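> Quick one, structure for this:
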Amino acid sequence: MDIAKIFGYAAANEAAFEKYWAGLGHERKTTFFSDLSIAECYGVDGIRDTYNRVMQEWMGNLVFITEFIVCIGLKASQWCSRKHGSTMSELYSELYYEAQDAFYKHYEGNEEACDYFFQMTD
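Numbers count the residues shown, from 1 in each chain. Model (predicted):
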């Protein structure tokens, strides 16, 4: 693998996410979008590994985990629009709903957290 191409791909994706997020009036707090972009270079296993690590390490941080779930949803959309992206789109869609379920379970009863999540993902 050409590491320069990987990091170039990740940087371009991160810039696109930052522009999208800023357009909604938000400031990017993480590098999750580029982390997922790098993971894509290692296929499904790379994405799942990144997903598992982020979910385990950051579930307790409302802002970060919300941003991560937004990134997963955008990745599903990004891959859906590509000619040969059905496997990646399906994986990201599956992970998106899995992450949402984990969020609701973790923050069950925390109305403030759920309100924030709904506001950011709506």
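> can you tell me how far Trp79 sits from Val63?
25 Å (Cβ to Cβ, to the nearest Å). C-beta here means a position set from N, CA and C on the backbone, and glycine is covered the same way.
> So between the two, which is more surrounded?
More crowded of Trp79 and Val63, by other Cβ atoms under 10 Å: Trp79, with 19 against 13.
> Tell me the spacing between that one and Leu95.
12 Å.
> can you check Lys5 too?
As for Lys5, its distance to Leu95 is 24 Å (criterion: Cβ to Cβ).
> Looking at those two, which is more packed in?
Leu95 (23 against 10).
> Surely that one and Ile47 touch.
Yes: using Cβ atoms under 8 Å, Leu95 is in contact with Ile47, at 7.5 Å.
> got any ranges where the protein has weak pLDDT?
1, 83-85 (pLDDT under 70).
> ok, Ala99 - how many residues close by?
22.
> Contacts only, for it.
51, 55, 65, 68-69, 72 (Cβ atoms under 8 Å, 6 or more residues apart in numbering).
> Could you list the alpha-carbon positions for the helix or strand hosting it in PDB?
Ala99 belongs to helix 86-106 when assigned by DSSP states H and E. What follows is helix 86-106, C-alpha atoms only, in PDB (Å, rounded to 0.1, in the frame of the first residue of the first chain):
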ATOM      1  CA  SER A  86     -22.400  -1.700  -2.200                       C
ATOM      2  CA  THR A  87     -20.400  -3.900   0.200                       C
ATOM      3  CA  MET A  88     -19.000  -0.900   2.000                       C
ATOM      4  CA  SER A  89     -22.300   0.900   2.000                       C
ATOM      5  CA  GLU A  90     -24.000  -2.100   3.500                       C
ATOM      6  CA  LEU A  91     -21.400  -2.500   6.200                       C
ATOM      7  CA  TYR A  92     -21.500   1.200   7.200                       C
ATOM      8  CA  SER A  93     -25.400   1.100   7.200                       C
ATOM      9  CA  GLU A  94     -25.200  -2.000   9.500                       C
ATOM     10  CA  LEU A  95     -22.700  -0.300  11.800                       C
ATOM     11  CA  TYR A  96     -24.800   2.900  11.800                       C
ATOM     12  CA  TYR A  97     -27.800   1.200  13.200                       C
ATOM     13  CA  GLU A  98     -25.700  -0.900  15.600                       C
ATOM     14  CA  ALA A  99     -24.100   2.200  16.900                       C
ATOM     15  CA  GLN A 100     -27.400   4.000  17.300                       C
ATOM     16  CA  ASP A 101     -28.700   1.000  19.300                       C
ATOM     17  CA  ALA A 102     -25.600   1.000  21.500                       C
ATOM     18  CA  PHE A 103     -26.000   4.800  22.100                       C
ATOM     19  CA  TYR A 104     -29.600   4.400  23.200                       C
ATOM     20  CA  LYS A 105     -28.700   1.600  25.500                       C
ATOM     21  CA  HIS A 106     -25.800   3.500  27.000                       C
END
